[in-house]
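Asker: here's a sequence, model it:
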Amino acid sequence: MMSEIKTDTATNEDAAIRSRPQSSCMNCGAEGAYLYTGMHDRLFGALGDWSIRRCPGPGCGLIWLDPMPLQEDIHKAYSHYYTHATHRGDPGILQYLFDRAKRGYLANHYGYGQGVGLTSRLLGLLPWIYPGRTSELDFSVMWLAAGSRGRLLDVGAGSGWLVEHMNQLGWQAEGLDFDIQSVVSARARGLVFHQGGLPEQNFTEASFDAVTMSHCIEHVHDPLAWLSEVHRILKPGARLTLATPNNASFGHARFGESWFALDPPRHLHLFNRDAMTSLMRRAGFTNFRIFTSIRDANGTYIASRAIRSRGKFDMLAPTGVLNKISGRGMQLLEAIVKLYSPDAGEDLVVLAERDA
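Answerer: Prediction:
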């Protein structure tokens, strides 16, 4: 996730985030109507009062923060961000079986079959029993098949988990993030990481076989500039895969201003299918597909319910068994809703190719 983070040792007064009015839609220019007002950071305690507008323009529907944090100050919203924490899974028998099933699924479905035996391939059929699990595994490789392997750039790489994972699967993966802590940590693990914003990197044109943006574009002040740069650095026929919160999701309709993915003041722009279609075309992409995924419907439900009842949610606290069960139940419900309302998924996913 793209985060402009710096070490923040300032006083509370100095930590206030400066902002500017943003009444019009960056996508189509229409004047936005207020959707929510008087909002605060419900996750990490950044200072400020925030409102959210929705674009009424036909074929758009973008929602955004107003006021908009200044680019020079947005790092203050990330001082205690979750990517700074380290997590290690429990190396128990269940985790071992889950890992084998994951390897089998990726071998069966995406062609990552090197070193994967028959047992793992058979275990790889199990995730199909539960649709939430397959959506999570698709996300774990950003819908990229083994046959397209080459040089990959993960924009907004955060902790570097995707870079590390894709390297293990045979890609030459690199990461990019503003957060100097993330960059230093990733480089210490031997990963290739760039620091800063995408447009300022000046990568060689047509130099990447794939670019991934996992929950990054919503953090960016100028999404058009970033996607235009992605189009420039992709090789002809190479793919961009992008995942971002879907403002037309079932979770947003259910929880309204308590919806976890609103995340003021870090999420600057939130898209639906129409708004993303317009943005992709403006960035130069003509060959792309957009769909929604239920990947994080369970986590979104748990967090949104906490925000509705307590006004905040601790992303680093352990999740109780009952919460996990209820979250999976809501994920399954969203899968059912998606059968007759395809745009109901929590994640908006874009698979795009640069024209050959």
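Asker: only C-alpha atoms for contact and neighbour calcs from this point on.
Answerer: OK.
Asker: next structured bit after whatever helix or strand Trp226 lives in?
Answerer: Assigned by DSSP states H and E, Trp226 belongs to helix 223-233. Downstream of helix 223-233, the first helix or strand assigned by DSSP H and E is strand 234-245.
Asker: can you tell me what sits against that following strand?
Answerer: Residues outside strand 234-245 that contact it (Cα atoms under 8 Å, 6 or more residues apart in numbering) are 142-144, 205-218, 230, 261, 270-271, 346-356.
Asker: by contact count, what packs against the helix ranked longest in the chain?
Answerer: In the chain, assigned by DSSP state H, the helix with the most residues is helix 321-340. Contacts defined by 3 or more Cα pairs under 8 Å, 6 or more residues apart in numbering; DSSP states H and E place helix 321-340 against helix 131-140, helix 297-310.
Asker: make TSV out of the ones you listed and add mean neighbour count, distance to Lys76 and mean pLDDT.
Answerer: What follows is those, written out as TSV (neighbours: other Cα atoms under 10 Å; distance: least, Cα to Cα, whole Å; pLDDT from 0 to 100):
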stretch	mean neighbour count	distance to Lys76	mean pLDDT
helix 131-140	18	29	95
helix 297-310	20	22	97
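Asker: export those to a markdown table and tack on distance to Pro69?
Answerer: A markdown table is the format used below for those (distance: least, Cα to Cα, whole Å):
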| stretch | distance to Pro69 |
| --- | --- |
| helix 131-140 | 30 |
| helix 297-310 | 22 |
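Asker: nearest to Ala77, of those helices?
Answerer: Distance to Ala77, taken as Cα to Cα, is lowest for helix 297-310 among the helices and strands packed on helix 321-340, at 18.1 Å.
Asker: tilt between the closest one and helix 321-340?
Answerer: 120 degrees (axes from the mean of the first three to the mean of the last three Cα atoms, to 10 degrees).
Asker: now helix 297-310, how far from the centre of its chain.
Answerer: Centre-to-centre, helix 297-310 and its host chain are 17 Å apart (Cα atoms, centre = their mean, to the nearest Å).
Asker: show me the shaky parts of the chain.
Answerer: 1-14, 80, 82-91 (pLDDT under 70).
Asker: geometric centre of it: which residue is closest?
Answerer: What sits nearest the mean C-alpha location of the chain, by Cα atoms, centre = their mean, is His215, with 1.5 Å.
Asker: for Leu240, see how far away it is.
Answerer: 13 Å (Cα to Cα, to the nearest Å).
Asker: got the contact list for the residue lying closest to Ala344 once chain neighbours are set aside?
Answerer: What sits nearest to Ala344 in space, not counting adjacent residues and going by Cα to Cα, 6 or more residues apart in numbering, is Ser249, at 4.2 Å. Going by Cα under 8 Å, 6+ apart, Ser249 touches Asp343, Ala344, Gly345, Glu346, Asp347.
Asker: how near is Ala46 to Gly175?
Answerer: Counting by Cα to Cα - Ala46 and Gly175 are separated by 26 Å.
Asker: nope, Met213 is what I meant
Answerer: Distance from Met213 to Gly175, by Cα to Cα: 10 Å.
Asker: the two: which has the busier surroundings?
Answerer: Each of Met213 and Gly175 has its neighbours counted (other Cα atoms under 10 Å); Gly175 has more, 28 against 23.
Asker: neighbours of Leu322, how many?
Answerer: Number of residues near Leu322 (other Cα under 10 Å) recorded here: 9.
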